[in-house]
Structures are given as C-alpha cells and as structure tokens.
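1. Sequence first, predicted model second:
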Amino acid sequence: MMHSQLFPKTLKEASRDAVAANHKLLVRGGFMDQLMAGSWTLLPLGWRVVGKINNIIRAEMNATGGQELALPLLHSKEIWNETGRWESAADIMYTLKDSREREYALSFTHEEIIMDLIRKHVSSYKDLPIKIYQFSTKFRQELRATGGILRGREFLMKDMYSAHESEEDLMAYYEEVKQAYLKIFARLGLEVIVTEASGGVFTDKHTHEFQVLAESGEDTIYYCSECKQGQNKEVLSVAEGDKCPWCSLGKVVVGKSIEVGNIFPLGTKYATDMKAFFTDKNGKQQPFWFGSYGIGPTRVLGTLVEVHHDEKGILWPKEVAPFAAHLVGLKDAGEVYEELQSAGIEVLYDDSDRSAGEKFADADLLGIPVRLVVSAKTGDKIEWKDRNSDETRLMTRPEVVSALSTI
RNA sequence: CGGGGUGUAGUUCAUCGGUAGAACGCUCGGUUUGGGACCGAGAAGCAGUGGGUUCAAUUCCCUCCACCCCGACCA
C-alpha cells in the first residue's frame, strides 16, 4: 500500500472538542472518524489495527476449543421476554418497531440468542461442553457516550458463550478462559489487573473484569500492588492501605482504570428461564450451566492509545501495529518497498512528495514501531529508527529484511 | 436528565451591532526536499436551527439541535 493512497490523509490539528488521547490521536492519524456521539467509523488504518487485535483474540479463543460463528443483530421482543430482559434491560437496549408495529431490539448482547441455539441443537450431556463465540457489533443506549472510542453507543465486541453439564465443568472452563484472557492482553501490549465486580444486568453473581490502569479510565479499582488482583468499587470489601487479602504480600492501592474485558459465570438462570435442558447420564433433565466472556476490540483500540502515546503520537505495540514498518522515501524507495513486500513484511510506503519534516511528523503520529528512511544521505543503505527511541542506525537491505522478518 | 462549555471556509481560530478575515489544507504555476518548506495566482462561508429586539444581527435575547466535559447509568 502506498502512502499516497492511504485514506484519509492525516490532520495536523485535533478537533477543539477532543480531550481523550485516543480521540485526538486516532482522529488525527486517520484511524477513525466520528459520525455522531458514540458512533465511529473505523477507517482503513484503524480497521487494520482492529484486525490484528481480533486475530490475537481469535487464536486464543480457538486454543480453548472455541468455535467462531455469526449471530443476527436484530432480535424479536419475544426472545427477550423469555428471560424478562425486555423489561429489565430496557434502559440499555435500543428497541424499534417495524411498519407492522412488531417490536424488535438491536443486539446489546447475545445470551438469549445463544441459549435458543443450544436448546434447539443440544439434548445430551454427550454434546457438552459447547464453546462458541463471535465478533459483532453491540448497540447500547448509553446515557452519555464519552472518551473517544472508549464508550460508544455502537461498538465491536468479541463475545463467547459456553454451556456445560455441571457447575464444576463451567468453573474449570471459566478459569481456562481467564488464563486465555491474560494471555491475550499480554500479547496486545496491555497490563491488566483482574478485579471482582458485579454482574449488572447479566447476573447476580460476582464476575471478573480485566482492567487497564489509565488516568482517563472511568472505573475506580482497589488492587494489590504486588499480585495485581483487585476489586471494582461496586463490590468493595477492602480499603486503601490494607494488606492484600489475596497474596498478603502487597498493599491495596486505588487507581483509575479502563475495563477491557469481563467474564461472567452465569449459572443456570438463563437455561431455566428459557427451558433449555439436556439429558444427563442418569436420564434426568438438567438445565445448562452457562457462562459468557467478552472483550471489546474497539475499546482495546482506544485503550492502547491511552496507554501507549507521547506528545508526538501513538506507539503501537508490535503485535497490533497496523504495519511492521513505515518506509519514508526522501528519494525513490520503490525497490526497497518491493523487496520488503516480497519478503512478506507489512510496510507502509510514504512515496508522497511532501517535505521530510511532514513525513517524519506523520511517522511519529501513526506510531508504526519501525521507521525506515531512504534518502540521498543513506546512499544504498537504509536508516532504521524505532518509534520509541531517538537513535538511528544505517543498515543494509538484507539486514533490514531479516530484522523485520524475525518480528 | 442535572451542571458546565462550544457551534463562523475542509480544519484550527479571529471578528462581537453596519452585512466576514487569517493560518493550515485544497487547485494551478514555479522553487524546494533530514523534522509539519518557500514565492506567486486562485477556489472555497445562508456565521448550527427557528423565532424575537433593531433602520441594521455572526454579534443582543429566547427556543430547539449538535458536539465536548463533570455527574447519574453502563462493556
């Protein structure tokens, strides 16, 4: 992809209204564009990053035995009535009527839809467990959309659901997913704190949240400085300065944070409400034990920027960067570009005829981990600069290719 | 929904009762090319909406709308 073809161009200034770093930088860099409050277009660059995020999540979900599918986003009132959530989640759910006055909801989650699938297709303990997930848009009526892409009314979510024959089996898998989530966030370049939290409209049980410390976060968590476990303030049983109740090594400290994931051990309520039963070993009808597990890739996108930026722009962690390298041509670098391309390296090539300063400023803003410069000064070598360093060094083409291939 | 802020060119902002201006961006021509270059010429605005006051409103008043921030709610 040539830089001159990148849509849209970068902006020199952030909108006056933008306060959150992700809002300023993702808009300036051409990663996203705002349609209205809480509603964002993911532009080609942003969509690339989300694609990287999704691929990491997908790989780790598959590793736990998850199978990906796609569920509908338009739901009938009837299915939501089965669990009473047409009423209890009315504040959060967008509803609409068609021309025949039939009532629908736009998906804000999918427990009911999944449970419907499971009751239709699973009737024996021999078919369990079921682990299915999707990436899809969620619609939620937020009283106030805020923080750039951190809280939208329409956002992307990976939601996984699992059905089990027993509580033990559910909790064993719940723990497995918790570990998978830790692996995902580590790969995404995010340090998370696992906190106990309330289940909101999803469940009465306590759940676990994956929180990233950030000043711009809207959650307040109490966590241990040593073991990185904690509690959301909704369910607080510890106080600042307490000895850590989990590892008893550290002290409880308070921080602002962004919730990037949440897992719910839902129990049998959904199955019971929706009359979803399987036959156990003894020939008896039993409700499915159910869990759900969510990560918001678009919120992750925003969180990454909140956590990884400086005054010049974004610093993407390697695994989620839209490109592996940003090739800045201060003279024709077509051959270098072709060589990197054919080596399978994802390169953004800036072959525009703009000034050097402008190209460098763009490279800093876009935050691709490695900047390569080809100019009169570099001769037939290439200048390598990491985004997180000021040092540059001259390398030969084969050196560059091999260094980038090992990333 | 309560409180606060902001709506003027594509963008960032000036003008603040006498009918609109800059910078950046854009177009054309030329000169440049290691940190958002330079010269020249252009195009681009119903001043968010509706109403009121006034001889005259972008400017004053009211309504509504939109966006941002704080709070309530929430991944």
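-> Perfect, I can see it now. Numbering: from 1, shown residues only, chains lettered A, B, ... in the order given.
2. okay, A:T207: pLDDT?
-> pLDDT for A:T207: 91.
3. hang on, it packs against A:S198?
-> Yes - the criterion here is Cβ atoms under 8 Å, and A:T207 meets it with A:S198 at 7.1 Å. Every C-beta, even on glycine, is put in place using the N, C-alpha and C of the backbone.
4. of these two, who's got more company?
-> Set A:T207 next to A:S198 and count neighbours by other Cβ atoms under 10 Å: A:T207 wins out with 23 against 14.
5. could you list every residue that touches the closest residue to A:F139 other than its chain neighbours?
-> Among residues not flanking A:F139 along the chain, A:L106 sits closest, at 4.0 Å (Cβ to Cβ, 6 or more residues apart in numbering). Shown in contact with A:L106 (Cβ atoms under 8 Å, 6 or more residues apart in numbering): A:L73, A:L74, A:H75, A:M93, A:Y94, A:T95, A:L96, A:F139.
6. and with 10 Å instead?
-> A:73-75, A:93-96, A:137-141, A:154 (Cβ atoms under 10 Å, 6 or more residues apart in numbering).
7. now it: how far from A:H75?
-> To A:H75, A:L106 is 8 Å away according to Cβ to Cβ, to the nearest Å.
8. cool, and A:K318?
-> Going from A:K318 to A:H75 by Cβ to Cβ gives 39 Å.
9. now do A:H308
-> On the measure of Cβ to Cβ, A:H308 and A:H75 end up 37 Å apart.
10. Counting neighbours, go ahead and name the busier of the two.
-> A:H75 (21 against 18).
11. Next one, pLDDT for the more buried one please.
-> So A:H75 comes in at 96 (pLDDT).
12. before we move on, what about A:N232?
-> So, for A:N232, pLDDT stands at 88.
13. my guess is it contacts A:G255, does it?
-> No - with contact defined as Cβ atoms under 10 Å, A:N232 does not reach A:G255; the gap is 11.4 Å.
14. Got the confidence number for A:V201?
-> pLDDT, read off for A:V201, is 69.
15. Extract the C-alpha trace of stretch A:272-288 and format it as PDB.
-> The C-alpha coordinates for stretch A:272-288 follow below in PDB (Å, rounded to 0.1, in the frame of the first residue of the first chain):
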ATOM      1  CA  THR A 272     -34.100 -22.400  33.400                       C
ATOM      2  CA  ASP A 273     -35.800 -19.200  32.200                       C
ATOM      3  CA  MET A 274     -35.600 -20.400  28.600                       C
ATOM      4  CA  LYS A 275     -36.400 -24.000  29.300                       C
ATOM      5  CA  ALA A 276     -33.200 -25.200  27.900                       C
ATOM      6  CA  PHE A 277     -32.400 -28.700  29.200                       C
ATOM      7  CA  PHE A 278     -30.200 -31.600  28.400                       C
ATOM      8  CA  THR A 279     -30.400 -35.200  29.500                       C
ATOM      9  CA  ASP A 280     -27.700 -36.200  31.900                       C
ATOM     10  CA  LYS A 281     -26.100 -39.600  32.500                       C
ATOM     11  CA  ASN A 282     -29.000 -40.800  34.600                       C
ATOM     12  CA  GLY A 283     -31.600 -39.900  32.100                       C
ATOM     13  CA  LYS A 284     -32.700 -36.800  34.000                       C
ATOM     14  CA  GLN A 285     -33.400 -33.300  32.500                       C
ATOM     15  CA  GLN A 286     -30.900 -30.700  33.600                       C
ATOM     16  CA  PRO A 287     -30.500 -27.000  32.800                       C
ATOM     17  CA  PHE A 288     -27.300 -26.000  31.100                       C
END
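16. contacts for it?
-> Under the criterion Cβ under 10 Å, 6+ apart, residues A:79, A:81-85, A:111-112, A:114-120, A:122-130, A:162-166, A:170, A:266-271, A:290 lie in contact with stretch A:272-288.
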